[in-house]
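>>> Structural data only, the sequence is not supplied:
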């Protein structure tokens, strides 16, 4: 049997915690014999949920946490003060090497801040991006970054492109993931200062299959596998995506329920519609990885149900089995990068 | 009868030119007795299209133009070299005060560059934004800016908020348009450097009904009437909007046509669906105004049909009748702003 993958799970995070989180975890445990889990949360509550289910007790540990970080709390403060929360204690397990990954449906801000402050970056990585997989007409697209890097340098976008490319190649099996830079038009000279500078760096990088600038509409069309952008723009794209899809599906439902005849029609199209809606179901992908950390942190939707948690845990297994962090180090030459940076900063000091 | 409103129309711009452009123009002329139009384009072609229709000949002039600016041409070069194009000649009519407005379905870049270079800004306006109306669950939302200001200063975003607010109040009759700043979260301290600075300026501006930061998903939900952002983010939102809506409607169509039974269902829901799709039909709004110019420039979709052109022309009439540029000058105290700026720059010189 292959080596165990040990994942810490935030049992208290998200709208459906702890019930759906624990259900998803147990489903993953039953499906994956090489998965071990530490459930971070209020021990009695977690225990009570576990007792409702049938699970392999030898691969489950409960880590008692008395505090909870709320969604609206200022993330950095929360990470610093709530030392007995499930997020802080879960991330510490990754930092200490006891766990390979941490999965949470809780506060995105706390997960991002904690990932950087507690787990820490791989040497040579400038900033870790948060990279959700979003649905397109031709399969999932990795939108990188939607995280904390609001005013990144162009060199960070280059690293996002490299990490995204390695991630997609190994997680989805696409041999040469198509990488696009989100911009206002396809011409090279277009964009804001950041996009113009990043375009040149991406164009000159031999390690990625850079297809050039893309417009945001190319993401739902599935023109690329990896869409590179700053976190501010990435967030706007992700939230517009969710908002427009939810508005249209809501209006569609309204239209179908409008008259007796349309209700009859709705019954007839129901099976076809279900298949279509599944195409757009981002929960199938199992959350957004935060890449470039010494370990893996996966943030799932706040309203995650069991299926998304299970898929997030399966993602952690593949991530470790494919040794993706080692690939980041070797393919991006991160040790050399870090050494060069140290030398450059020493030179400045002298 | 009220004063004439004289609009120059680019007869050659867009995928459906000249046929749909001229049809829409004639429809507007027949609907609005105080509209006069100059059609800029190849005279023989324009004449041939006009001859197919019944129109008030005394309110139509043809301005012969021998050149056409293509969609992919570098805009500034095109404006400088193609002096006999419909865009350059149409914009010149506005600059010279012969026309009140210019409508084009042609190159957005050329319209934006030409608006700035040929028509020019109102004194005191830092940069003219392009502001499309986009559909939401609760009516149109003005997304300002989606234009040429890729790296704006925060003070420009304040002017976008003020112009957007005045525009929406007068064009749609909403008394106190709700203005939101596009950001990654609603908390004040969130965002990139630009959003943080702009938030303070908008909060301190007594002339607008600032509801605070919004997330991009609040736009389709219709939480605001005016969504303020930089052109890079605005473009990403607009293109995601179009891309996701088109992807979903395409998949929906596929689902409906999948089986014999779903086809029957589709027939039954057709009337209800039509009403729903109309809700999202941005062509109803009649294009995106470029605000803050000495005159009005309206950019319609590249694939505009007659209805959008007609609505764009009607927008020009309301814009003039409501004296919106005068309101910009008085309510935003643009003369004082310009004088203060002149004084400040003189001080720097001495």
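On my side now, so go ahead. For clarity, every value in this text was computed on a predicted model and none was experimentally measured.
>>> got a list of what the closest residue to residue A:145 other than its chain neighbours touches?
Closest residue in space to residue A:145, ignoring its immediate chain neighbours: residue A:129 at 3.5 Å, by C-beta to C-beta, 6 or more residues apart in numbering or on different chains. (C-beta placed from N, C-alpha, C; glycine too.) By C-beta atoms under 8 Å, 6 or more residues apart in numbering or on different chains, the residues touching residue A:129 are A:144-147, A:149, A:156, A:160, A:163-164, A:231, A:290-292.
>>> most neighbours, which of those?
Of all the contacts of residue A:129, the highest neighbour tally under other C-beta atoms under 10 Å in any protein chain shown goes to residue A:160, namely 34 neighbours.
>>> what's that residue in contact with, if anything?
A:129, A:131, A:144, A:145, A:228.
>>> you'd agree it is in a helix?
Yes: judged by DSSP: H, G, I helix; E, B strand; the rest coil, residue A:160 forms part of a helix.
>>> where's the residue nearest to residue A:145 relative to residue B:239, distance?
Distance from residue A:129 to residue B:239, counting by C-beta to C-beta, to the nearest Å: 21 Å.
>>> what's around residue A:222, how many residues?
Neighbour count of residue A:222, defined by other C-beta under 10 Å: 17.
>>> Need the nearest residue in space to it, chain neighbours excluded.
Residue A:222's closest residue in space is residue A:138 (C-beta to C-beta, 6+ apart), at 3.0 Å.
>>> Which secondary structure state does the one you found sit in?
Assignment for residue A:138 (three-state DSSP): coil.
>>> Measure how buried it is and give me the count.
Residues near residue A:138, counting by other C-beta under 10 Å: 12.
>>> Return the residues in contact with the residue nearest to the spatial centre of chain A.
Geometric centre of chain A, nearest residue: residue A:288, 1.3 Å, by C-alpha atoms, centre = their mean. Residue A:288 sits next to A:130, A:131, A:132, A:133, A:146, A:298, A:299, A:300 when contact means C-beta under 8 Å, 6+ apart.
>>> wait, which of those is closest to residue B:125?
Proximity of these to residue B:125 (C-beta to C-beta) peaks at residue A:146, which lies at 33.7 Å.
>>> out of everything not next to it in sequence, what's closest to that closest one?
Distances taken as C-beta to C-beta, 6+ apart place residue A:234 nearest to residue A:146, at 4.0 Å, with adjacent residues excluded.
>>> Quick one: mean pLDDT for stretch A:130-144?
Mean pLDDT, stretch A:130-144: 93.
>>> Show me which residues of it are buried.
Across stretch A:130-144, burial judged by 16 or more other C-beta atoms under 10 Å in any protein chain shown covers A:130-137, A:140-144.
>>> Among those residues, which pair sits farthest apart?
Across the buried residues of stretch A:130-144, the longest distance by C-beta to C-beta is 23.7 Å; it joins A:130 and A:137.
>>> what would the buried residues of stretch A:130-144 look like in JSON lines with secondary structure?
Below are these laid out as JSON lines (three-state DSSP):
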{"residue": "A:130", "secondary structure": "strand"}
{"residue": "A:131", "secondary structure": "coil"}
{"residue": "A:132", "secondary structure": "coil"}
{"residue": "A:133", "secondary structure": "strand"}
{"residue": "A:134", "secondary structure": "strand"}
{"residue": "A:135", "secondary structure": "coil"}
{"residue": "A:136", "secondary structure": "coil"}
{"residue": "A:137", "secondary structure": "coil"}
{"residue": "A:140", "secondary structure": "coil"}
{"residue": "A:141", "secondary structure": "strand"}
{"residue": "A:142", "secondary structure": "strand"}
{"residue": "A:143", "secondary structure": "strand"}
{"residue": "A:144", "secondary structure": "strand"}
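>>> Give me the helices and strands touching the longest helix belonging to chain A, please.
Longest helix in chain A, counting residues (DSSP state H): helix A:231-256. Secondary-structure packing of helix A:231-256 (3 or more C-beta pairs under 8 Å, 6 or more residues apart in numbering or on different chains; DSSP states H and E): strand A:141-144, strand A:178-182, helix A:218-221, helix A:260-279, helix B:218-221, helix B:231-256, helix B:260-279.
>>> quick one: is the last one near chain A?
Yes: using C-beta under 8 Å from any C-beta of the partner chain, helix B:260-279 reaches chain A at B:261-262, B:264-269, B:271-273, B:275-276, B:279.
>>> wait, what's in contact with the closest residue to chain B within the stretch 1-150 of chain A?
Closest contact between the stretch 1-150 of chain A and chain B, by C-beta to the nearest C-beta, is at residue A:150 (3.9 Å). Contacts for residue A:150 (C-beta under 8 Å, 6+ apart) come out as A:230, A:231, A:232, B:184, B:191, B:192, B:193.
>>> can you confirm it is in a helix?
No: looking at residue A:150 with three-state DSSP, it is coil, so not inside a helix.
>>> burial of the closest residue to it other than its chain neighbours, as a residue count?
With sequence-adjacent residues excluded and distances taken as C-beta to C-beta, 6+ apart, residue A:150 is closest to residue B:192, at 3.9 Å. If you count neighbours by other C-beta under 10 Å, residue B:192 ends up with 21.
>>> Can you report phi and psi for the residue of the stretch 1-150 of chain A closest to chain B?
Dihedral pair for residue A:150: phi -80, psi -30, per degrees, to the nearest 10.
>>> Need the pLDDT of the residue nearest to residue A:146.
97.
>>> Hmm, residue A:144 and it touching each other?
Yes: in this structure, residue A:234 is within contact of residue A:144 by C-beta atoms under 8 Å, at 7.3 Å.
>>> residues in contact with residue A:121?
A:127, A:128, A:292, A:293, A:294.
>>> let's go with 6 Å and repeat that
By C-beta atoms under 6 Å, 6 or more residues apart in numbering or on different chains, the contact list for residue A:121 reads A:128, A:292.
>>> and the lowest-mean-pLDDT helix or strand in chain A with helix B:231-256, angle?
Using mean pLDDT, DSSP states H and E, the weakest-scoring helix or strand in chain A turns out to be helix A:260-279, at a mean of 82. Here helix A:260-279 points in a direction 120 degrees away from that of helix B:231-256 (axes from the mean of the first three to the mean of the last three C-alpha atoms, to 10 degrees).
>>> For chain A, what lies in contact range of chain B?
Taking C-beta under 6 Å from any C-beta of the partner chain as the criterion, chain A approaches chain B at residues A:137, A:150-151, A:184, A:192-193, A:215-217, A:220, A:232-233, A:235-237, A:239-245, A:247-248, A:251, A:255-256, A:258, A:261-262, A:264-265, A:268-269, A:272-273, A:276.
>>> check contacts around residue A:216.
Contacts of residue A:216 by C-beta under 6 Å, 6+ apart are A:237, B:236, B:239, B:240.
>>> Name the member of these that has the highest neighbour count.
Of all the contacts of residue A:216, residue B:236 has the most neighbours under the rule other C-beta under 10 Å, reaching 30 neighbours.
>>> isn't that one right up against residue A:236?
Yes: using C-beta atoms under 6 Å, residue B:236 is in contact with residue A:236, at 5.4 Å.
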